[in-house]
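Asks: Pasting the sequence and the predicted model now:
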Amino acid sequence: MPGAVKKRSAKTGLPPGSLVHIGERRTDQAKITLCSYDETHFQESEVRTVEGILPTDGGAVTWIHMDGLHEIHLLEQMGVNFGLHPLILEDILNTEQRPKSEDHGDYLYIVLRLFHEDAGGVLVPEQVSIVFGQNWLISLQEKEGRLFDPIRERLRNEKGRLRKAATDYLAHALIDAMVDSYFAILDRLGEKIETLEDALIGRPSPQTLRAIQALKREVILLRKSVWPLREMIGGLGRSDSPLIREQSVIYFRDIYDHAVQVIDTIETYRDMLSGMLDIYLSSISNRMNEIMKVLTIIATVFMPLTFLAGIYGMNFKYMPELEWRWGYVALWGVMVVIALIMLIAFRRKKWL
Amino acid sequence: MPGAVKKRSAKTGLPPGSLVHIGERRTDQAKITLCSYDETHFQESEVRTVEGILPTDGGAVTWIHMDGLHEIHLLEQMGVNFGLHPLILEDILNTEQRPKSEDHGDYLYIVLRLFHEDAGGVLVPEQVSIVFGQNWLISLQEKEGRLFDPIRERLRNEKGRLRKAATDYLAHALIDAMVDSYFAILDRLGEKIETLEDALIGRPSPQTLRAIQALKREVILLRKSVWPLREMIGGLGRSDSPLIREQSVIYFRDIYDHAVQVIDTIETYRDMLSGMLDIYLSSISNRMNEIMKVLTIIATVFMPLTFLAGIYGMNFKYMPELEWRWGYVALWGVMVVIALIMLIAFRRKKWL
Amino acid sequence: MPGAVKKRSAKTGLPPGSLVHIGERRTDQAKITLCSYDETHFQESEVRTVEGILPTDGGAVTWIHMDGLHEIHLLEQMGVNFGLHPLILEDILNTEQRPKSEDHGDYLYIVLRLFHEDAGGVLVPEQVSIVFGQNWLISLQEKEGRLFDPIRERLRNEKGRLRKAATDYLAHALIDAMVDSYFAILDRLGEKIETLEDALIGRPSPQTLRAIQALKREVILLRKSVWPLREMIGGLGRSDSPLIREQSVIYFRDIYDHAVQVIDTIETYRDMLSGMLDIYLSSISNRMNEIMKVLTIIATVFMPLTFLAGIYGMNFKYMPELEWRWGYVALWGVMVVIALIMLIAFRRKKWL
Amino acid sequence: MPGAVKKRSAKTGLPPGSLVHIGERRTDQAKITLCSYDETHFQESEVRTVEGILPTDGGAVTWIHMDGLHEIHLLEQMGVNFGLHPLILEDILNTEQRPKSEDHGDYLYIVLRLFHEDAGGVLVPEQVSIVFGQNWLISLQEKEGRLFDPIRERLRNEKGRLRKAATDYLAHALIDAMVDSYFAILDRLGEKIETLEDALIGRPSPQTLRAIQALKREVILLRKSVWPLREMIGGLGRSDSPLIREQSVIYFRDIYDHAVQVIDTIETYRDMLSGMLDIYLSSISNRMNEIMKVLTIIATVFMPLTFLAGIYGMNFKYMPELEWRWGYVALWGVMVVIALIMLIAFRRKKWL
Amino acid sequence: MPGAVKKRSAKTGLPPGSLVHIGERRTDQAKITLCSYDETHFQESEVRTVEGILPTDGGAVTWIHMDGLHEIHLLEQMGVNFGLHPLILEDILNTEQRPKSEDHGDYLYIVLRLFHEDAGGVLVPEQVSIVFGQNWLISLQEKEGRLFDPIRERLRNEKGRLRKAATDYLAHALIDAMVDSYFAILDRLGEKIETLEDALIGRPSPQTLRAIQALKREVILLRKSVWPLREMIGGLGRSDSPLIREQSVIYFRDIYDHAVQVIDTIETYRDMLSGMLDIYLSSISNRMNEIMKVLTIIATVFMPLTFLAGIYGMNFKYMPELEWRWGYVALWGVMVVIALIMLIAFRRKKWL
């Protein structure tokens, strides 16, 4: 997480609008997928350049999706073609943006944050940008992913409202897919939490604590992305931009509800993890009590006995007990009685 | 609780409005109860299909109650008959909704969350949806329950305002019954908390801690449902929908007050449980102190004595004390004095 | 406190407006005191029925005070006479209300919460309801109390503004008396806190902790009543009801300031009690340190000495030291030196 | 602090506007200082009565300052002369007011809270009231103080804007002096905190904890006064009273900034004191670890050795080792080896 | 940090607008850099006096930058030349200002806080003030720094929008540079936090705790500056001052986003440091458990054995075992068995 910010300072001193890709290069070559559709037609192609891709007057919707952000010239070209503000291009490349939406009159700019689990199970954030105008939509992702495949499928199949609707509905579908991806993340988090709870009931170790803290940090990381996401979607639902049409508002309200569900679950997880920390800490104290009890019982039983043995190990000339015929046996008797009294006392105290 | 979310991710990738029942199948067959009443007539029947059940022009109120949500075709038919938006049908089936109300012009959609205690005393949430228009009301529940029986009884008996009033008053009665059901839950929670408090004053064990944490989690779970419930009821009271008539507002304000009482009690329980956690943790420390005192007293008394016994167990040629006639007895005297001094010192320190 | 809610669930399932007294019966027979006054006249009587007590046209103010709520028929009669909404009667009987005010056009309804200390010093809440219209005011209390006696005295004596002013000023006087009663409660709480602080500086025991927690709970209980009280009084001061006249607003603002002072004090007490909890917990740790120091000092001094004594108690054939003339005395010397070194080391560590 | 409230309950039951001085008598005789000035003239005198001191029509500003509040008749006379509302007089005497400002049309009423350190270094609050109209200003203080002397000096010297400006600027100057006095308090608090930090790095004792808690309480006490002070000054800056002229607003905004600086410092101190509590608590735990290490090292080294010595102190007939020529010396060797192994093990564990 | 406030009380009692430099003298001689530029010309010079530097009518922008604030006469001259309000000059010199912006009609006044790391790695705050009107901008810094060099470079090179734009864009560039400087600070903080995390996983010492607390304090210090910074920039973006032109708003929104990113990172660091404190505290408890286990194991194994050795060291006349041929060997056997049983029991308890 601290590393996520480090890269940012590399841009210090540059004028605003300077296009520098902040973030690691996630893919070798940018991949551009071009879809064009209206109610009756659907065309899909993969292109290597954005030359000649221009907003059209006609009703057909053009959806340009780009995986990989490091080929800056492509982005610059796109900016020229669609008349995007330089600061938007900068924000697309600066992959540390907070989820937000900006209304630029002719087009809306939306940034979101997606999470993948890497091989080690660590959450890796990825920034997705969406810019859409009257009949065009550009979506940009840091790394190639399969998240939007079902949407493309729905477009191909003439299924549902998607082919008939305008770009705001397409934008809604993309955001919806991303919000849904949070549920999968939360499922895996929930499983990890349940595993940890079992570990806590068993024998908690310092590793358990570290795992709780690591999960807590992931939950905080998610939380930091989802709160502004919720605000952003809520803002789109209340937006007075002509690009968000009346009949789409209810769909944005729907994903707003989903975002609120995500937040609710995250807050629940936070509470659960805090409770687990309390249980962990008190289980350490309990174990200390256990240890101390063992020590105290042993010491309390054997110290008096050893003292007695010491007494009759003394070399005084005149120690009448030593001469007694049954002295030794009697002492054993006394010792057993003392030990029994001690043990009964401990049983009374519920230490045994 | 984590499990409650898991199911949600099964819907990932589907277009909005896809009807998939999210939640476990709680009943074998959906049961539909149909009531139709006005000031003079009352009719009640159980039906197997919703074909032909349509909103009517006349003043009679139609109340359709459905237990069990898994027969999706029934719901779809109902959606067609009453002109419900697909997203509402989806929300009804997606049983992880937050309590909310939505104004769709011709009808209002309300979601609430109910709690049952299962056999093991664990709280199980259930979603109840209410949709009502001018003279019809549909209520849907995941599982068959007896919660609304008293309302049906009041309808049958021509008792009270219910028969004379419009659908908003019926909706109010249903919500009122659900809010009241929270009081019963809280009573049982309160009893559990009192039992735990007694356990704390007695001998707290790690099980006590686990019980405190479990109750805390239930309280948090309830809290999460009641806060949006309060907002929702408050919103209905302030609503400018023509479906909520002027004279009903005061009744919604009344259940709003009840919801606030529920929240107050929940917050009180939260504070009490936090206080109990503090008491638990400090009682562990206190017990540790007790254990250490026993150990220290025993060690402090017997170590010097054992040392003295060791001294006179030595085999030096010239140890004059050993030859003394009363040496042994004198040593016993010295030892008793030392032990007494130690015990008096501990009494002074209030350790005994 | 949990008990306070239990009673509530007894009403589950009844239609709104059902009059059931929720709360324990606090007095044997309801006592009704009737005052009627204007600038020149004053009349006071105790009555057994409310028949014939009706709002009048004339300027004289009628104040009906009722101690004890269990005679429901009296309340019903009063409701009919003064045209009160059934929900208000229900709220008066349901003694778990939150402090609030409701504007019903012709009259205002105000609920407050009063606290008494019972024999054991435990705070017992009591609900007081005030309903007032143009020239009548009804006040209802669960139990007979002397709180309003000074107001009646002021009325009798023609003293102050009270006789000249309208019902809003009488209402203000009643609320003022109740807010003032909180100061007495806070004084006693403050004294208890000071006693506890002394106990903390002395020798804190688990009882001290329980006392802290009990006080904390009382403070929370008070807090829960005073925050909505403040809101309510603030709301009256800003009210646009014609019943609250322009010149009375400043008096409501005055008791608003008092309520804020009460809240400030409560928050101070909360902070103090939290600080005391910290001190308590760390004093337990400190005492543990003390205990462990004693144990460690004793063990560290005597273990090496006992070891040495053990050495010379061995029965080896060839142990030259045993034969030495001054061996025994020399060993004592060595032992004293070892003990002194240990004690000096502890003094260095500031353990002694 | 609890005592601060106790006095308040003495007023319970009195009608509003009853003039009772709540607070201890801080000075023997009230001292009234009268200043009258305009751009060209300046007159200053000490008077014993307020008879004949009336608001004038002319432009000259009259500033009446009173030290000591217990001579109630003076205050009553002043109230009559300047037409003050009885509730204001009551608030002036009730020295537990929260900082606030009230706009009474013809005049503004302002209450502030000042702090002095008494001989023992404890913060003592004092209430200062300011009432000002078109060309008169009354300031009242519980105890004689030198805080306003520099302002009087500035008036005498025809220096600055003060002589030319109206009463709002004089009020500003007084409030400014009082806000500035907080900085001195904070300086001394800061020094105490630094001293405590040094004590923490050295050897923290239970006294350190008590000192931290005492400082925390002082910080909370200050905080409670400064937050409403900030609100109040901010309110004056935004006031639409004609008494606050356009050109003075910037000066009130200036002291508003100072109040915010005071709050920032207070919040910093709070955070620092919380951090110190954490350090204190963990230093206790650390010291416990130290103690336990000493005990464990001693016990672990000497227990096996004492056991061995015990073995060879046994009186079995056939113990071949006892007969060996070098048995005794060999045993010493074995013992030294065991002790060394133990010590090396502890060094490995970094306990030594 | 407390020291930062101390200096402030030196001004107590002075009238507002008194020019006293609050802060340490950071540079020997104030250095004034004068830039004058428009789209075609650029002039840069270092001057020793501000005489004759006046706002001009022409379109050329004059940028006066001053390093070092202690030469008050220069500031006074500047105030006269550009018609600045005395309170602004006072705020510039009082280097404890909170970040804020003030709209004075003809000009805007902006204060920010910059951080440097001193030789010891401690954050040192520095106040930067910016005042700008139609075609002039004055920036003032306590100490000479290189932060604005890239901006000057951009001006020189005719590069970017800077030469064509008005003073608001120059102000934006300066603020942008300062916000960017926070990222560098955060990077170094992040590195320190990572180092500390490694230390925590290794062997945490009281020094680790002190380092955590020191970092926490730095984070709080930063936080305190960045929150008002965010507000201030947000306010500039929403400002209705004619000095902030329509086309610049988007640039201010851009640095607003950066400020939000800074805050997000700071909050993340705070959470991380809190988690580290928990880990530290529980690692102390864990280590205590380790120590106690060692002690308990040693004591539990050797106490029974020593007791047995003591038994057979007794001098009773009749102790048959002592006479047995294999008594000694048998006892050794018994002792080994006891020790083994103990060790197996500990292994069972997972203590070994």
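Replies: In hand now; what should we look at?

Asks: Low-confidence stretches in chain A?
Replies: Along chain A, the model assigns pLDDT under 70 to residues A:1-13, A:23-28, A:159.

Asks: Around chain D, pick out the residues from it.
Replies: Residues of chain A lying close to chain D (Cβ under 8 Å from any Cβ of the partner chain) are A:Gly313. C-beta: built from backbone N, CA, C; applies to glycine.

Asks: Okay, and the closest residue to chain C within chain A sits in which element?
Replies: Chain C sits closest to A:Gly313 of chain A, with a gap of 6.8 Å, by Cβ to the nearest Cβ. Counting by DSSP states H and E, there is no helix or strand that carries A:Gly313.

Asks: Can you get me a residue count around it?
Replies: 26 (other Cβ atoms under 10 Å in any protein chain shown).

Asks: For chain E, see how far away it is.
Replies: According to Cβ to the nearest Cβ, to the nearest Å, A:Gly313 stands 4 Å off from chain E.

Asks: what does the stretch 151-300 of chain A have sitting close to chain E?
Replies: A:203, A:206, A:209-210, A:213, A:216-217, A:220-221, A:224, A:277, A:280-281, A:284-285, A:287-288, A:291-292, A:294-295, A:298-299.

Asks: which of the residues you listed count as buried?
Replies: For those, a burial check counting by 16 or more other Cβ atoms under 10 Å in any protein chain shown picks out A:206, A:209, A:213, A:216-217, A:220-221, A:224, A:277, A:280-281, A:284-285, A:287-288, A:291-292, A:294-295, A:298-299.

Asks: ok so, going back, for the residue of chain A closest to chain C, list the residues it contacts.
Replies: The contact partners of A:Gly313, by Cβ atoms under 8 Å, 6 or more residues apart in numbering or on different chains, come to B:309-310, B:313, C:313, D:313, E:310, E:313-315.

Asks: Show me which of those residues is closest to D:Leu14.
Replies: The closest of the contacts of A:Gly313 to D:Leu14 turns out to be B:Ala309 (Cβ to Cβ; 78.4 Å).

Asks: Quick check, that closest one in contact with A:Phe307.
Replies: Yes: assessed by Cβ atoms under 8 Å, B:Ala309 is found in contact with A:Phe307 at 6.2 Å.

Asks: Please identify which of these two sits among more neighbours.
Replies: Neighbour tally, B:Ala309 and A:Phe307, criterion other Cβ under 10 Å: the higher count belongs to B:Ala309, 25 against 22.

Asks: Name the next helix or strand downstream of the helix or strand hosting that one, please.
Replies: Element membership of B:Ala309 [criterion: DSSP H and E] is helix B:249-311. Once the chain leaves helix B:249-311, the next helix or strand it forms, by DSSP H and E, is helix B:320-323.

Asks: so, in contact with chain E or not, that next one?
Replies: No: against chain E, helix B:320-323 shows no contacts by Cβ under 8 Å from any Cβ, the least distance being 11.4 Å.

Asks: Could you identify the helix or strand that succeeds that helix?
Replies: As assigned by DSSP H and E, the chain's next helix or strand after helix B:320-323 is helix B:327-348.

Asks: what residues does that following helix touch?
Replies: Applying Cβ under 8 Å, 6+ apart, the set of residues contacting helix B:327-348 from outside is A:314, A:316-319, B:297, B:300-301, B:304-305, B:308, B:312, B:321, B:324, B:352.

Asks: swap the cut-off to 6 Å and go again
Replies: Contact with helix B:327-348 is made by A:316, A:318-319, B:297, B:300-301, B:304-305, B:321, B:352, as judged by Cβ atoms under 6 Å, 6 or more residues apart in numbering or on different chains.

Asks: you'd agree A:Gln43 is in a strand?
Replies: Yes: under DSSP: H, G, I helix; E, B strand; the rest coil, A:Gln43 falls within a strand.

Asks: For it, give me its contacts.
Replies: Applying Cβ under 6 Å, 6+ apart, the residues near A:Gln43 are A:Ser36.

Asks: just A:Arg245 next, same as before
Replies: Contacts of A:Arg245 were listed using Cβ under 6 Å, 6+ apart, and they are A:Asp168.

Asks: can you rerun that using 10 Å?
Replies: Listed by Cβ atoms under 10 Å, 6 or more residues apart in numbering or on different chains, the contact partners of A:Arg245 are A:165-169.

Asks: before we move on, back to that, which member of the contacts of A:Gly313 is positioned nearest B:Ile250?
Replies: Of all the contacts of A:Gly313, the one with the least separation from B:Ile250 (Cβ to Cβ) is E:Gly310, at 87.1 Å.

Asks: and the closest residue to A:Thr300 other than its chain neighbours, how far is that from chain D?
Replies: Spatially, and ignoring its direct neighbours in sequence, A:Thr300 is nearest to B:Ile298 (4.7 Å; Cβ to Cβ, 6 or more residues apart in numbering or on different chains). B:Ile298 sits 14 Å away from chain D, going by Cβ to the nearest Cβ.

Asks: B:Ile298 contacts B:Ile291, correct?
Replies: No: with contact defined as Cβ atoms under 10 Å, B:Ile298 does not reach B:Ile291; the gap is 11.3 Å.
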